[in-house]
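[1] sequence unknown, structure follows:
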């Protein structure tokens, strides 16, 4: 994967973090569906418009006590190869993505299948906010306040059968909207998958927004997966299809380079990528430079071991990277 200097989006397009962070009331997020009322969590003191402390880590993992990454960085330092290989390419190129209307096709081993509008999907579970760490396989990380729906609550509405052992996800692949598809970096469309028990875990999340507003195109609008204990490429963006399968589904990076990107891809500092160590990460947060951010130790399962380690009891985590 390539790492290039990012290009910040114009300040005029950025919601001041102080506005978001100081709110202590219900907020609404317009997502082409009815307004979603979301309860804000309390913040600590601020420095330069960025919190010096968030509420302590919650036992369920839904809140992180770490400094948030700036909105400017979350929205301008991205991997979304359908819009280019550079970190700043998605913020410059993703304006061509049309997120209205949007629909998701549900198929496979479930009692309820078919094509559902985004509005229908958003009605399947109450909206909530989660503050999660995001760890990229490239060795950088962020802390992001996501808005969205618990994945399990959504999937349960489709009534998966006993034959559903995995859940496969597929991204939109439209070369008119996503010009970098022509570069042939991967075998498009982008595909990802989870084991059914992973998908049903309370931490697994379908994000529809961040920082109190609708999800920007470059961050995977209008619907993306967030799996905080796995490397970021597992959190597939701009989802258009969900399928319940009996066998392990093909995933894009695993198909492209199986010796580098496994199906599970749990964050594991003890398992190096073939081309670099995973023992530490550049934490992009606060006002720190994206290229020279402080390096911190990487934690097993990205710090969520207490919540998810039991899912992998008895597995060789080195073999099943």
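    It's in. The shown structure was predicted, so the numbers you read here are calculated from the model rather than taken from an experiment. Residues are numbered from 1 along each chain as shown.
[2] surely residue 82 meets residue 178?
    Yes: assessed by C-beta atoms under 8 Å, residue 82 is found in contact with residue 178 at 3.8 Å. The way it works is simple: take the backbone N, C-alpha and C, and place the C-beta from them, glycine included.
[3] which one of the two is surrounded by more residues?
    residue 82 (27 against 24; other C-beta atoms under 10 Å).
[4] angles on the backbone of that one, please.
    When read as degrees, to the nearest 10, the backbone of residue 82 gives phi -60, psi -10.
[5] residue 268 contacts residue 315, correct?
    No: checked against C-beta under 8 Å, the pair residue 268 and residue 315 is beyond contact range at 11.5 Å.
[6] burial count for residue 109?
    Neighbours around residue 109, by other C-beta under 10 Å: 19.
[7] residue 59 now?
    9.
[8] contacting residues around it?
    With contact set as C-beta atoms under 8 Å, 6 or more residues apart in numbering, residue 59 has these partners: residue 306.
[9] which SS state does it fall under?
    Under DSSP: H, G, I helix; E, B strand; the rest coil, the three-state class of residue 59 is coil.
[10] any idea how far the residue nearest to residue 156 when sequence neighbours are not counted lies from residue 166?
    Leaving out its chain neighbours, the residue that sits closest to residue 156 by C-beta to C-beta, 6 or more residues apart in numbering is residue 200, at 7.8 Å. For residue 200, the distance to residue 166 (C-beta to C-beta, to the nearest Å) stands at 11 Å.
[11] same question for residue 123.
    25 Å.
[12] what's the neighbour count on residue 111?
    8.
[13] that one and residue 161 touch, don't they?
    Yes: between residue 111 and residue 161 a contact is recorded at 6.7 Å, counting by C-beta under 8 Å.
[14] give the residues shared as contacts by those two.
    Contacts common to residue 111 and residue 161, judged by C-beta under 8 Å, 6+ apart, are absent.
[15] rewinding a little: so residue 200 and residue 166 - more neighbours on which side?
    Using other C-beta under 10 Å as the criterion, residue 200 and residue 166 rank with residue 166 on top: 21 against 17.
[16] rewinding a little: who has more neighbours, residue 268 and residue 315?
    Neighbour count, other C-beta under 10 Å: between residue 268 and residue 315, residue 268 has more, with 21 against 11.
[17] ok, now which ones touch the more buried one?
    Contacts of residue 268 by C-beta under 8 Å, 6+ apart are 278, 300, 301, 317, 318, 321.
[18] do that again at 10 Å, thanks
    230-231, 278-279, 298-302, 317-318, 320-321 (C-beta atoms under 10 Å, 6 or more residues apart in numbering).
[19] before we move on, what about residue 103?
    Each residue near residue 103 by C-beta under 10 Å, 6+ apart is listed here: 114, 115, 116, 117, 118, 119, 120, 121, 240, 241.
[20] export the contacts of residue 268 to TSV and tack on distance to residue 216, secondary structure and pLDDT?
    Shown next, in TSV, are the contacts of residue 268 (distance: C-beta to C-beta, whole Å; DSSP: H, G, I helix; E, B strand; the rest coil; pLDDT from 0 to 100):
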residue	distance to residue 216	secondary structure	pLDDT
230	22	strand	98
231	21	coil	98
278	28	coil	97
279	31	coil	97
298	27	coil	98
299	28	coil	98
300	31	helix	97
301	27	helix	98
302	23	helix	98
317	34	coil	79
318	36	coil	77
320	33	coil	63
321	30	coil	70
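[21] cool, thanks, signing off.
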